[in-house]
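Chemist: here is a sequence together with a model predicted from it:
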Amino acid sequence: MVQAPVRAVFLDRDGVLNRALVRDGKPFPPASLAEMEILPGAADAARRLAEAGFLLIVVTNQPDVARGTTARETVEAINGAIGKIMPIAEFRTCYHDSADGCDCRKPKPGALLAAARAHGVDLGRSFMVGDRWRDVEAGRAAGCQTVFIDYGYDEKQPEVVDITVGSLEEAARRILETC
């Protein structure tokens, strides 16, 4: 029997699953586990997506580790706390800064492509949900449908997006409507 291709929802972390800390109109990750706050409705939205058969994979840039302002252990503790609350299959974390030129840092699609290979994901039937242009661009480059959670940050906005929403709850509802 041939296994059906896996559908996934790739999720950015900060601003999608947990609250991003906004300063001067720009989002920042929590600096500690104590600062981490799960967004209202995010855990339920993740559960509904998983129950519908989507593999949930977090793809997050955490350049503050490369910059020396956040410890890798802090990032991993936040990931672990989220993983206890939500049915996340895997966390793909890029610890590089833009100047490092890696292929795993969004907007490059390397982390999504590697996760797709590892899990047998059909990228054309999958989604990338994020709150920043880098997330949307990585999803488009990987061949996913893109969902942009628009918080009105004072920064570059995505040029082309498939679905624009105001929360992960709304994103989950829109994704599930396409099934």
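Modeler: Good, I have the coordinates.

Chemist: in this structure, which spans are strands?
Modeler: Ranges of strands in the chain, per DSSP state E, are 7-11, 21-23, 26-28, 54-61, 90-94, 127-130, 145-149, 163-165.

Chemist: so what pLDDT did the residue lying closest to residue 156 once chain neighbours are set aside get?
Modeler: Computed as C-beta to C-beta, 6 or more residues apart in numbering, the closest residue to residue 156 that is not its neighbour in sequence is residue 133, at 4.9 Å. (C-beta placed from N, C-alpha, C; glycine too.) Listed pLDDT for residue 133 reads 97.

Chemist: over to residue 178?
Modeler: 89.

Chemist: distance of it relative to residue 16?
Modeler: 18 Å (C-beta to C-beta, to the nearest Å).

Chemist: ok, these two, which is more surrounded?
Modeler: Shown here are residue 178 and residue 16; by other C-beta atoms under 10 Å, residue 16 has more neighbours (25 against 10).

Chemist: list phi and psi for residue 102.
Modeler: phi -70, psi 170 (degrees, to the nearest 10).

Chemist: go ahead and confirm it touches residue 111.
Modeler: No - counting by C-beta atoms under 8 Å, residue 102 sits too far from residue 111 to count as a contact (9.3 Å).

Chemist: any common contacting residues for the two?
Modeler: residue 94 (C-beta atoms under 8 Å, 6 or more residues apart in numbering).

Chemist: quick one, what contacts the residue lying closest to residue 39 once chain neighbours are set aside?
Modeler: In space, and not counting its chain neighbours, residue 39 is closest to residue 19: 5.6 Å by C-beta to C-beta, 6+ apart. Residues near residue 19 by C-beta under 8 Å, 6+ apart: 30, 36, 37, 38, 39.
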